[in-house]
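Trainee: Here's a sequence, model it:
(2 chains)
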Amino acid sequence: MAVPQKRSGRTPRARAATAPASAPSVRPGAPKRRRSGAATPSGPSGPPAPGTDASGDTGTIPSVSSGLAAEPPQVLADYYRQMVLVRVFEQRAAEMYTRAKIGGYCHLNLGEEATVVGLMAALERTDYLFTTYREHGYALCRGIDPGRVMAELFGKATGVSGGWGGSMHLFDTDARLLGGYGIVGGQIPPATGAALAIAYRSDPGDEAEAVMCLMGDGTTNIGAFHESLNLAAIWNLPIVYVVVNNGLGMGTTVQAASGEPDLYRRGGAYRIPGVRVDGDDVIAVRDAARQALHSARAERQPMLVEAVSSRLRGHSVVDPARYRSPEDTERARRLDPVPTLRSHLIETGILDLAAVTKIEAEVEDVVTAAVTFADESPPPAVADLFAHAYATPVPNTPHRLPADALMVSEP
Amino acid sequence: MTEMSYRQALHDTLRAEMLRDESVFLLGEEIGIFEGSYKITAGLLQEFGPRRVRDTPISEEGFVGAAVGAAMLGLRPVVELMTINFSLLAIDQIVNHAAKIHAMFGGQAAVPMVIRTPGGGGQQLGATHSQNIEVYYAHVPGLKVVAPSTPADAKGLLTASIRDDDPVLVVENLALYNTKGDVPDGDHVTEIGTAAVTKEGTDLTVVAYSRAAAIALDVAHRLEDEHISVEVVDLRSLRPLDRETICASVRKTTRAVVIEDDWLSYGIGAEVAATIQEGAFYHLDAPVRRVAAAEVPLPYAKSLEHAALPHAGDLLAAIHETLDATGFAP
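Mentor: Numbers count the residues shown, from 1 in each chain, chains lettered A, B, ... in the order given. Prediction:
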C-alpha cells in the first residue's frame, strides 16, 4: 500500500509564528539526524536544541558515539549480538513471508536495530512495554524466546499470542510486553492507563515501575497522542513516550505530515520534556531512555524521547518503497547501525573477526531453530475458536460457526 | 427491599463496590467536583478522594483508553461517559482495543472495565445528544452490553459488570434516572446474558429493553383491563442476547411485538425479529411487528421529537393490529 510521495519540491512550512526564529531549518525528504550521540534535552520552554539541523548527510560513514568507548566490551558484544539477532530474524521473517509461511501484514525493524536494542537495554524487567505493529525486535530483546515469536508470525498455537495476534500483536505477560498494536496510536491511551495503574498502587522511587510506550513518527499527529500526553502531564504519570522516527509514515515524510517536525518538541504543549537521540547509536539511545525512565519512575515526570533512524526497507514486507529516491535508500544503507557497530568492534579491537563471525553464526543457528520450531508447531485447534470469547463466562455467549443454525424451530 | 430511584440505585452500587474493592475507581468528565452531569456520583469525591474519583479533561479517547490500560494491570475502572453520544469519540478504544485485547493476545490479558453512559431522546437535546447507539457496541464480540430498565436491575447489572473481567457497557437512560422501584438490599447481582420475563402472559409477547421495557410493562398492565394477556420480555443484556427466553415466550404466546427507542433499520429489534423467525417460526400466528424510532436525526422541536419517538400509544396500536390480524378475541 504505497502512498504516492509528496516530497518533490516541497518546502518546509513556515513556522515563524510557532517556533523561535532560531528554529532549525528542515530539509524536505531527509530526516534530521545528529551524529554526536548525546541526547538533546529540550525543556518545555527551552530553546531549540543545538545540533538538530539537517546536516546528517555528510557523505561519509558516520562516526559512532563517543559513548561506545566507555562501555565494557562484554556489554557491546552483547548489544551487537542482540542487534544481529533482530537483523537476522527480520530477514528470515521477510523470507518466510515470501514463502507464504507468514500471512497478513508484516513490518520489520530492519535499520532500527540500535534503537530497539538501546531502548530494551534501558528497560527494567519490572517495567511495562507497549509497542506498535513493528515490534518483533522488541519482543526478542525483551527476552522472549525467538521460536515463540516466529511461531506467532506463523500463526501457530505455540506463538506468544497463541496464534491469535500475528506479527502485529505480540504479547507476553511474563516479559511485561503488553502488546504490539495494529491500530496506529491505539497503544498510547492504554499505555497511559497502565502508568495510571502504577501511580494508583505505588509510590515513586528509584526502583518504581514505569511504562515505555513506543510509536512511530506518523503517530504524533493523531488525537490519542495529544490526549494521552495531556493526561500523563496533569496526572504525573510514570511513562516515557518514545517516537521511533524513521522519517517516513508509510510513504509520507515527517515534514509533509507534521506541523512541528521536530517531534521531540511535541510534548512541549503539555510541558513534557523531550529529547532527540541518534537512533543508530545504541548507547546514546539506551542512555537517553534510561534517563527518561528515571524521571518517570522517580519523579513521576512523563517524558518524550525521539530516536531518529532509517527504515532499510519498505513500510511492510510487500512495499517496494518506490517513493524513495535512490539517494535516500543509499543513505539509509550507509547509516545502517549493524555494520557500523561491527566495524567499530573490530577496528577498536573489542572483538576480532573470529569473535564477530562466531556471534553471527550462533545467531543464525538461533533463528534457524526458531523457524524450525514455528514450522513444526501445530496450528491452533478450531475447537478452541471460542476459548477466549470472554474472560468471565456468561450465559448465551454465541458459539456458532458460519453455517450453523442459530436456533432450531420445530413445527 | 428498599424503594429508590434508578439514579440512587446506581449511586449506591458504585459506592458499595468501591467500599468492597480497593481496585474499583471512577473516572470521567465532571464526576468529582461537579458530582456528575446527572449526579450519579454525588458525594463520592468527598468520601473517597481524588485518587478513586478522578475527574478527567474532555478527552474521551484518552481516558477510555487509559481505563483499558489500567484494567490490563488489574484495576477495575468504572468510566462515566457523559452521554452515549460521546462514546463515538472513544470508539477506537472501545471496539478496537477493549473488545479485542483478551482474544487478540491469546487470552493473556483481561480488561475488567465498565463504561456507564446514558442514552435516550425525548429531552429536546437535539440530534447529536439524543441517540441510542448501543447497537454499535452490541454488534461487537468481546464486549458485553447491558441496559437495565429498573432500579433493581440497575443495581444488579452494574454490580455484575464491575465484578466481571470483561469490558462491559452499561447503557443507562436519561428518562429512567428518576423512575422508582424496589431494590433488593445487600448483595444483589443480576447475571449478564440473561433476559427477564417481567410480566407473564399468554396472548402476545412484547420484547424490549431499557426505557422501552418500562413502557412495555406499563402497557401490558393496562391491557389486563381489556382481558388481553401480554407477556413482557426485558432483554436486560444486549450482548450476549438471551435468545432462548425470547423464543420460549413467543412459542407460548404465538405473537410478538418488539419495541425499541432506537432507529428501526439494522437495530436490536431487527436482531430480535430474526431470532424469533429462526427459533419460533412454526409457532407464529402473525408476522413479528417492530415499533421503533422514526429514521431521522432527532429534531429539537417538541412536536417533531414527540412524533419521531415511540410511545405507549404506538405500542398499543401495534399490539392491537397484531392481535386483530389473527382474529384474536379476548
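Trainee: For the stretch 101-250 of chain A, give the residue positioned nearest to chain B.
Mentor: residue A:189 (2.1 Å; C-beta to the nearest C-beta). Heads up, the C-betas are built off the backbone N, CA and C, glycines and all.
Trainee: so how many other residues sit close to that residue?
Mentor: 32 (other C-beta atoms under 10 Å in any protein chain shown).
Trainee: wait, what's in contact with it?
Mentor: A:224, A:227-228, A:231, B:61-66, B:68-69, B:93, B:97 (C-beta atoms under 8 Å, 6 or more residues apart in numbering or on different chains).
Trainee: who are the neighbours in contact with residue A:208?
Mentor: Applying C-beta under 8 Å, 6+ apart to residue A:208 gives the contacts A:198, A:202, A:238, A:297-298.
Trainee: can you give me phi and psi for it?
Mentor: Note on residue A:208: its backbone torsions stand at phi -70, psi 160 [degrees, to the nearest 10].
Trainee: same check, this time on the one 4 residues further on
Mentor: Note on residue A:212: its backbone torsions stand at phi -110, psi 130 [degrees, to the nearest 10].
Trainee: what is it paired to in the beta sheet?
Mentor: Beta-bridge partners for residue A:212, by DSSP bridges, are residue A:129, residue A:240.
Trainee: for the one 4 residues further on, same thing?
Mentor: Per DSSP bridges, residues listed as beta-bridge partners of residue A:216: residue A:244.
Trainee: One more: residue B:168?
Mentor: On the basis of DSSP bridges, residue B:168 is bridged to residue B:114, residue B:144.
Trainee: Look at it and report its pLDDT.
Mentor: pLDDT recorded at residue B:168 is 98.
Trainee: so what's it up against?
Mentor: By C-beta under 8 Å, 6+ apart, the residues touching residue B:168 are B:113-115, B:143-146, B:160-161, B:192.
Trainee: possible to save these as JSON lines with neighbour count and pLDDT?
Mentor: As requested, the contacts of residue B:168 are exported to JSON lines (neighbours: other C-beta atoms under 10 Å in any protein chain shown; pLDDT from 0 to 100):
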{"residue": "B:113", "neighbour count": "30", "pLDDT": "98"}
{"residue": "B:114", "neighbour count": "28", "pLDDT": "98"}
{"residue": "B:115", "neighbour count": "27", "pLDDT": "98"}
{"residue": "B:143", "neighbour count": "23", "pLDDT": "98"}
{"residue": "B:144", "neighbour count": "28", "pLDDT": "98"}
{"residue": "B:145", "neighbour count": "27", "pLDDT": "98"}
{"residue": "B:146", "neighbour count": "30", "pLDDT": "98"}
{"residue": "B:160", "neighbour count": "25", "pLDDT": "98"}
{"residue": "B:161", "neighbour count": "29", "pLDDT": "98"}
{"residue": "B:192", "neighbour count": "27", "pLDDT": "98"}
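Trainee: Relative to chain A, which of those is nearest.
Mentor: Taking those together and measuring to chain A by C-beta to the nearest C-beta, the closest member is residue B:192, at 4.7 Å.
Trainee: Any idea how many residues pack against the residue lying closest to that closest one once chain neighbours are set aside?
Mentor: Leaving aside its sequence neighbours, residue B:192 sits nearest to residue A:394 (C-beta to C-beta, 6 or more residues apart in numbering or on different chains; 4.7 Å). Residue A:394 sits with 19 neighbouring residues when counted by other C-beta under 10 Å.
Trainee: mind checking the SS state of residue A:394?
Mentor: Here residue A:394 is coil, with the state taken from DSSP: H, G, I helix; E, B strand; the rest coil.
Trainee: these two touch, right, it and residue B:144?
Mentor: Yes: counting by C-beta atoms under 8 Å, residue A:394 touches residue B:144, with 6.9 Å between them.
Trainee: what's the overlap in contacts for those two?
Mentor: Both residue A:394 and residue B:144 are in contact with B:164, B:192-193, B:237, B:240, where contact means C-beta under 8 Å, 6+ apart.
Trainee: Can you pick out the most distant pair from the contacts of residue A:189?
Mentor: A:231 and B:97 (15.6 Å; C-beta to C-beta).
Trainee: contacting residues for residue B:193?
Mentor: A:394-397, B:144, B:237, B:240, B:242.
Trainee: How is it assigned, secondary-structure-wise?
Mentor: coil.
Trainee: Return the distance of it relative to residue B:168.
Mentor: As judged by C-beta to C-beta, to the nearest Å, residue B:193 and residue B:168 stand 11 Å apart.
Trainee: quick one on the thing from earlier: quick check, nearest of the contacts of residue A:208 to residue B:269?
Mentor: Nearest to residue B:269 among the contacts of residue A:208 is residue A:198, at 44.5 Å by C-beta to C-beta.
Trainee: which residues of the stretch 301-411 of chain A fall in strands?
Mentor: For the stretch 301-411 of chain A, the strands defined by DSSP state E, counting those that start in this stretch occupy A:303-308.
Trainee: I'd like to know which residues of it are adjacent to chain B.
Mentor: For the stretch 301-411 of chain A, the residues found near chain B under the criterion C-beta under 8 Å from any C-beta of the partner chain are A:387-392, A:394-398, A:405-411.
Trainee: could you flag which of those are buried?
Mentor: Buried by 16 or more other C-beta atoms under 10 Å in any protein chain shown: A:388-391, A:394, A:396-397, A:407, A:409, out of those.
Trainee: Can you name the next helix or strand after the lowest-mean-pLDDT helix or strand in chain A?
Mentor: In chain A, no helix or strand scores lower on mean pLDDT, DSSP states H and E than strand A:40-42, which sits at a mean of 49. Per DSSP states H and E, the first helix or strand lying C-terminal to strand A:40-42 is helix A:73-98.
Trainee: Okay, buried residues for that next one please.
Mentor: Residues A:76-77, A:79-90, A:92-94, A:96-97 are the ones in helix A:73-98 that count as buried (16+ other C-beta under 10 Å).
Trainee: Please apply the same query to stretch B:292-307.
Mentor: Neighbour count says stretch B:292-307 has B:292-293, B:298-299, B:305 buried, by 16+ other C-beta under 10 Å.
Trainee: With distance to chain A, secondary structure and pLDDT as new columns, can those residues be given to me in CSV?
Mentor: CSV is the format used below for those (distance: C-beta to the nearest C-beta, whole Å; DSSP: H, G, I helix; E, B strand; the rest coil; pLDDT from 0 to 100):
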residue, distance to chain A, secondary structure, pLDDT
B:292, 22, strand, 98
B:293, 26, strand, 97
B:298, 27, coil, 97
B:299, 30, coil, 97
B:305, 32, helix, 97
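Trainee: Quick check: the two most widely separated of those?
Mentor: Among those, the pair separated by the greatest distance (C-beta to C-beta) is B:292 and B:299, at 16.4 Å.
Trainee: Now do the contacts for the closest residue to residue B:51 other than its chain neighbours.
Mentor: Leaving aside its chain neighbours, residue B:51 sits nearest to residue A:200 (6.7 Å; criterion: C-beta to C-beta, 6+ apart). Contact partners of residue A:200, counting by C-beta under 8 Å, 6+ apart, are B:25, B:51, B:70, B:75.
Trainee: so which of the residues you listed comes closest to chain A?
Mentor: Using C-beta to the nearest C-beta, the contacts of residue A:200 come closest to chain A at residue B:70, 4.1 Å.
Trainee: touching chain A at all, the strand or helix carrying the closest one?
Mentor: Residue B:70 is part of helix B:60-72, with elements assigned from DSSP H and E. Yes: interface with chain A: helix B:60-72 contributes B:61-72 (C-beta under 8 Å from any C-beta).
Trainee: thinking again about what came up before, lowest-confidence one in the buried ones among the residues of the stretch 301-411 of chain A next to chain B?
Mentor: Lowest pLDDT within these is found at residue A:409 (79).
Trainee: Report how many residues lie close to the closest residue to that residue other than its chain neighbours.
Mentor: Closest residue to residue A:409 apart from its sequence neighbours, by C-beta to C-beta, 6+ apart: residue B:281 at 4.4 Å. As a burial measure, residue B:281 scores 15 neighbours (other C-beta under 10 Å).
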